[in-house]
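Q: what would the 3D arrangement of this be:
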Amino acid sequence: MSINTSEPLKRLAGHGDEINQIKVNSAGTRLASCSDDMTARVWNVDNLSNNESIPGLVASDVVVLTGHKHSVSTIGWCPDSSIGPHPLLATSSFDGTARLWDSVTGKCLKVFNDHKRPVYTLAFSPNGRWLATGSGDGWLYVYNVLTHEKKWSWYAGPDRPGVFEIDWQVVDGINRIALALECRLVAVIDVKKIPALLDDAGDMDKMVIS
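A: Numbers count the residues shown, from 1 in each chain. Next up is the predicted model:
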């Protein structure tokens, strides 16, 4: 929408159920959405403000990501668009999985199925190297985006263990993960004290995903 008018620039129609989250890529050219209809969609919103009279998006302007078996709860763009031939997108779902996608072709590159309950949240590290997921089972898992390996995990405990939100901060020598927990606590993890998550320059030189 524009602040100068009450009418939207364009309506993006296609989802068949409630939309849970939307995220715009860093270039501002693509908008990703996820829904209770078990899909995510990537919309082309490049130069949207210059197309005032276009009634709607044609099929070529949206990529539909299918494969989840339950509601898609969250969605996120990889901050490093140079990893792989196209920008990467991640989704999490109440089916207990997270998925990594090629946002241009719609190909699912990996299904992460370690969680035993709905996956509520996910976050990429600011450099795009790691993907963290959090679930109602109380586990935080951190995966290598390049190799898809699970590199580290943390358990919130048996009492109301759900992990509802993840925020990954890197600034002024600080590298930490903050978690919003079902048990009414916030956990803060110092990533610099986790050897498994220290960057490996050798791996970074090989960052190509087919």
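
Q: use CA for all of it now, contacts and neighbours both
A: Will do.

Q: would you mind measuring from the nearest residue to Ile19 once chain neighbours are set aside to Lys193?
A: In space, and not counting its chain neighbours, Ile19 is closest to Ser35: 4.1 Å by Cα to Cα, 6 or more residues apart in numbering. Between Ser35 and Lys193 the computed distance is 36 Å (Cα to Cα, to the nearest Å).

Q: so for the two, which residue has more residues nearby?
A: Set Ser35 next to Lys193 and count neighbours by other Cα atoms under 10 Å: Ser35 wins out with 23 against 11.

Q: let me see the contact set for the more buried one.
A: His15, Gly16, Asp17, Glu18, Ile19, Asn20, Gln21, Ser71, Val72, Ser73 (Cα atoms under 8 Å, 6 or more residues apart in numbering).

Q: tell me the contacts of the last one?
A: With contact taken as Cα under 8 Å, 6+ apart, Ser73 is in contact with Asn20, Gln21, Cys34, Ser35, Asp36, Thr91, Ser92, Ser93, Phe94, Val119, Tyr120, Thr121.

Q: confirm that it sits in a helix.
A: No - under DSSP: H, G, I helix; E, B strand; the rest coil, Ser73 sits outside any helix and is assigned strand.

Q: tell me the confidence at it?
A: On pLDDT, Ser73 comes in at 96.

Q: any idea how far it lies from Pro79?
A: 20 Å.

Q: can you check the fifth one too?
A: Between Ile19 and Pro79 the computed distance is 23 Å (Cα to Cα).

Q: cool, the first one as well?
A: If you measure His15 against Pro79 using Cα to Cα, the figure is 25 Å.

Q: please tell me how far Ser92 sits from Ala27.
A: From Ser92 to Ala27 the distance is 23 Å (Cα to Cα).

Q: and the contacts of Ser35, which are buried?
A: Among these, those classed as buried by 16 or more other Cα atoms under 10 Å are His15, Ile19, Asn20, Ser71, Val72, Ser73.

Q: of the residues you listed, which is the nearest to Ser153?
A: Nearest to Ser153 out of the buried ones among the contacts of Ser35 is Ser73 (Cα to Cα; 20.8 Å).
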